Structures are given as structure tokens and as C-alpha cells.
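Participant: sequence unavailable; structure follows:
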């Protein structure tokens with residue numbers, strides 16, 4: 001059995017800036033504060049958080065949407081990858097970023113919900129705040 005989660009946050013940045021930072025290893029590393037490597041292409045592999053996260057980008061709609069196969073070292077070895085959909089929508093105060101994270105191993109969704117906030121949304125807000133100054 002698997003679990004799903006959906007979380008959204010508004011970031012003071014343009015959709016294209018968030019999209020580009022997510023898919024560029026150097027910018028992703030700066031944005032999160034931890035090493036990331038990203039192959040910028042469909043079916044390109046990526047790692048983030050010093051290898052804790054790994055996966056493959058399976059769809060890209062420039063500045064609007066990214067879909068990735070995604071897993072962490074906490075996944076049971078026999079668990080398939082989860083699916084992460086990143087949706088970017090321009091709003092008055094920047095970009096509404098929505099993460100739809102599905103097919104998470106049972107019992108792990110609450111931890112990933114906290115992790116998305118602590119290790120992605122909060123650092124992203126700081127990163128783009130500094131960039132806009």
C-alpha cells in the first residue's frame with residue numbers, strides 16, 4: 001500500500017526562476033543548501049541532498065510543470081519509486097508551487113510532508129528573497 005500528499009506554498013519568484021533552479025544542479029544546491037546533481041533532459045537522472053534523494057525527470061513543461069520518479073534512501077529496497085509532480089502557477093505575489101507526491105511507501109507521507117517544508121519550501125523562500133534584494 002502507498003500514500004499520497006499534496007502541499008502548496010507561495011514563493012516570491014517567477015515560475016521560470018523556480019523551474020530553472022529545480023532543474024540546475026548548481027542552483028538546486030544553492031537553493032536547498034545541499035549538493036544536487038541534475039541532468040537537464042527528459043529521462044535525466046538526478047540526486048539531491050548529498051544522495052539521500054535520487055530519481056529521474058520524466059516530464060518537463062518549461063516554467064509550468066516537472067514530473068519525476070523519486071525515492072530516498074529511507075525507501076524499502078523492494079519499494080518502487082514514488083512520483084513527484086511539481087506544478088508552478090504565477091500568482092500576484094510570485095509563484096504558487098504545488099507538490100503532488102504520490103506512491104510513497106506506507107507510513108512515510110507525514111515525514112515527507114515535514115521534509116518538503118523544512119528542506120525545500122523554507123530554504124526556497126530564503127533563497128529567492130536574497131536573489132530579489
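Facilitator: Happy to help now that I have it. Note that the structure is a prediction, hence the values are computed from the model and not measured.

Participant: which other helices and strands does the helix or strand of the chain with the lowest mean pLDDT contact?
Facilitator: In the chain, no helix or strand scores lower on mean pLDDT, DSSP states H and E than helix 122-132, which sits at a mean of 89. Contacts defined by 3 or more C-beta pairs under 8 Å, 6 or more residues apart in numbering; DSSP states H and E place helix 122-132 against strand 2-11, helix 15-22, helix 25-32. (C-beta placed from N, C-alpha, C; glycine too.)

Participant: repeat the analysis, applying 6 Å as the threshold.
Facilitator: Helix 122-132 sits against helix 25-32, with contacts defined as 3 or more C-beta pairs under 6 Å, 6 or more residues apart in numbering; DSSP states H and E.

Participant: relative to helix 15-22, how tilted is the helix it packs on?
Facilitator: 100 degrees (axes from the mean of the first three to the mean of the last three C-alpha atoms, to 10 degrees).

Participant: contacting residues around helix 25-32?
Facilitator: 21, 35-38, 123-124, 127 (C-beta atoms under 6 Å, 6 or more residues apart in numbering).

Participant: so how far is that helix from its chain's centroid?
Facilitator: Relative to the centre of its chain, helix 25-32 is centred 11 Å away, using C-alpha atoms, centre = their mean, to the nearest Å.

Participant: and the angle for that helix with helix 122-132?
Facilitator: 110 degrees.

Participant: can you mark which positions in helix 25-32 are buried?
Facilitator: 25, 27-32 (16 or more other C-beta atoms under 10 Å).

Participant: likewise for stretch 65-80?
Facilitator: 65-72, 75.

Participant: swap in stretch 123-133?
Facilitator: Those would be 124-125, 127-128, for stretch 123-133 by 16+ other C-beta under 10 Å.

Participant: can you tell me how far the residue lying closest to residue 1 once chain neighbours are set aside is from residue 78?
Facilitator: Excluding the flanking residues, the one nearest residue 1 by C-beta to C-beta, 6 or more residues apart in numbering is residue 106, at 4.7 Å. Using C-beta to C-beta, to the nearest Å, one gets 13 Å for the distance from residue 106 to residue 78.
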